[in-house]
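Enquirer: Model the structure of this input:
(4 chains)
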Number of protein chains: 2
Amino acid sequence: MPVAKPTTHDATRERLLDEAEKLFAEKGYNAVSVREITKAAGSNLAAVNYHFGSKENLYLAVFRDRWRARAEKVRRPMEELARQEKVTPRQVVRTLAQAFLRGPLTAEERLRHSQLIAREMASPGKAFDLLAEGQLKPAMEQHARLLQRALPYTIAEERLKLIVLSIFSQVLHFNFARPVVSLVTGRSYDAAFIEELIEHITDFALRGLGLEETA
Amino acid sequence: MPVAKPTTHDATRERLLDEAEKLFAEKGYNAVSVREITKAAGSNLAAVNYHFGSKENLYLAVFRDRWRARAEKVRRPMEELARQEKVTPRQVVRTLAQAFLRGPLTAEERLRHSQLIAREMASPGKAFDLLAEGQLKPAMEQHARLLQRALPYTIAEERLKLIVLSIFSQVLHFNFARPVVSLVTGRSYDAAFIEELIEHITDFALRGLGLEETA
DNA sequence: TTGACAATCAAACGTTCGTTTGATACAGAT
DNA sequence: ATCTGTATCAAACGAACGTTTGATTGTCAA
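Expert: Numbers count the residues shown, from 1 in each chain, chains lettered A, B, ... in the order given. So this is what the prediction gives:
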């Protein structure tokens, strides 16, 4: 009888996922070859098809096993905030900006996270439904609810959604469009600049909400 | 070796540029084959290498001959605004949003324009320098100057740049991330929704500037 | 020890890729 | 009529791609 799995410790599979995520985030699905991935993982060319069935399945596995886990880590600070009794709009927006720009991830993880999502948004592939329906939509709806709860006035559902999209767009943009941001501002993405970006996004969005005036 | 002789109207070359732009915008550089392009253009497989030397040169030519020309059309309303004596901040922001969302281009052209720029920003390729240094940076600097001129108070250079980047990020995002925007809002990109988006971006950014309060 | 099974490996598969080649058609100038 | 150069064409090139194969390894249960 087929007894339970003999070796749960499947090191090759994990290394493939790690290297695949790095490369897919850096160069995009089509620009990365199976040979490149297996070489980086130090495994045989056939390993991808053995462990995942196909290159495309490996790509999907990256989102299921890696990206999604990170998305939950990114969301955690926001969920903790949601459990509090009283929440200010500034807390909500700032927590969102921090999660993506400073967050609970390493700098490298954060960059990959944003790059992968930006690629799927720019040209929806096989992973789009996984991301959009399962992650992006719920996350945005949660932010909308929390933001509404924190606001001192009631806001139209439609307008609230657009505002959340506007905030998300900035957070994503300042991550994946780094070359442009650096070129225009003349700044590199060091810790100090990232703090300034968080400040800027928070202030800009709060005024966009009609709170806190002038400067 | 094709000598760059500006001969009479070279119909094949133009058709190749047209179809190449469509396909590159839709699927990205790597996902489009030379066979696909030449078939769409109704020309021979060798036409790309004859007229442009290589697939990569064709890609660059798309930006030089097509994208850049469109960028100038997009910028025109803003330049006309800059010639006026008195300009309000609302005019500046609204003109920018309109240029990308309603603009002087057809709906199809506008989509392609945003997709191409989004792709280069997400993963800088050979065309990035062409775009960033030659187009994006000057355009953003022009907007910054015009915005400063329209504002009733002086704003720090650094902050002004970040604000312009924030506005740009929204304009681009609402164009290239259409699938996500549609999913979250439940709206399709018809004329009515686009007008609402222009209104939203304008209002949001104006409040972000500290002008016009609450809602 | 033996048998079964999951994992890894080198090698090859067929396909598609971007590019090159050599022939051909056609234009205007001499 | 001949020459000259541009443009187009079918065909083929070598390289790289994702995938498959069959042999080989190591491990554990019987």
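Enquirer: From here on, just use CA atoms for contacts and neighbour counts.
Expert: Noted.
Enquirer: Flag every buried residue along the longest helix along chain A.
Expert: Among the segments of chain A that qualify as a helix by DSSP state H, the longest is helix A:157-176. Under the neighbour-count criterion of 16 or more other CA atoms under 10 Å in any protein chain shown, helix A:157-176 has A:160-176 buried.
Enquirer: quick one: is the next helix or strand after it near chain B?
Expert: Next along the chain after helix A:157-176, taking DSSP states H and E as the criterion, comes helix A:178-185. Yes - Helix A:178-185 reaches chain B (CA under 8 Å from any CA of the partner chain) through A:179, A:180, A:181, A:183, A:184, A:185.
Enquirer: List the residues that contact the fourth one.
Expert: Contact criterion CA atoms under 8 Å, 6 or more residues apart in numbering or on different chains gives B:132, B:133, B:137 as the residues in contact with residue A:183.
Enquirer: Tell me, what's the model's pLDDT at the closest residue to the second one other than its chain neighbours?
Expert: Of all residues beyond its chain neighbours, the one nearest residue B:133 is residue A:183 (8.0 Å), with distances taken as CA to CA, 6 or more residues apart in numbering or on different chains. The predicted structure scores residue A:183 at 93 on the pLDDT scale.
Enquirer: ok, residue A:183 to residue A:155 distance?
Expert: Residue A:183 sits 37 Å away from residue A:155, going by CA to CA, to the nearest Å.
Enquirer: same check, this time on residue A:93
Expert: 16 Å.
Enquirer: out of those two, which sits in the busier spot?
Expert: Neighbours per residue (other CA atoms under 10 Å in any protein chain shown) separate residue A:93 from residue A:155, with residue A:93 holding more: 25 against 14.
Enquirer: Can you tell me the SS state at that one?
Expert: The assignment at residue A:93 comes out as helix when based on DSSP: H, G, I helix; E, B strand; the rest coil.
Enquirer: Now do the contacts for it.
Expert: By CA under 8 Å, 6+ apart, the neighbours of residue A:93 are A:167, A:202, A:205, A:206.
Enquirer: which of these tops the neighbour count?
Expert: residue A:205 (28 neighbours).
Enquirer: Pull the contacting residues for it.
Expert: So residue A:205 contacts A:93, A:167, B:204, B:208 (CA under 8 Å, 6+ apart).
Enquirer: which element is it on?
Expert: helix A:191-208.
Enquirer: What's the mean pLDDT across that helix?
Expert: 93.
Enquirer: Name the residues of that helix that come out as buried.
Expert: A:194, A:197, A:198, A:200, A:201, A:202, A:203, A:204, A:205, A:206, A:207, A:208.
Enquirer: Check whether the last one really touches residue B:204, as I assumed.
Expert: Yes - checked against CA atoms under 8 Å, the pair residue A:208 and residue B:204 is within contact range at 4.5 Å.
Enquirer: now the closest residue to residue A:110 other than its chain neighbours: how far from DNA strand D?
Expert: For residue A:110, ignoring the flanking residues on the chain, the nearest one in space by CA to CA, 6+ apart is residue A:100 at 6.8 Å. Distance of residue A:100 to DNA strand D, given as CA to the nearest atom of the strand, to the nearest Å: 30 Å.
Enquirer: Repeat that for residue A:187.
Expert: 34 Å.
Enquirer: number of nearby residues for that residue?
Expert: Other residues near residue A:187 come to 14 when the count uses other CA under 10 Å.
Enquirer: One more: residue A:86?
Expert: Other residues within reach of residue A:86 by the criterion other CA under 10 Å amount to 9.
Enquirer: cool, and the one 10 residues further on?
Expert: Other residues near residue A:96 number 24, with proximity taken as other CA under 10 Å.
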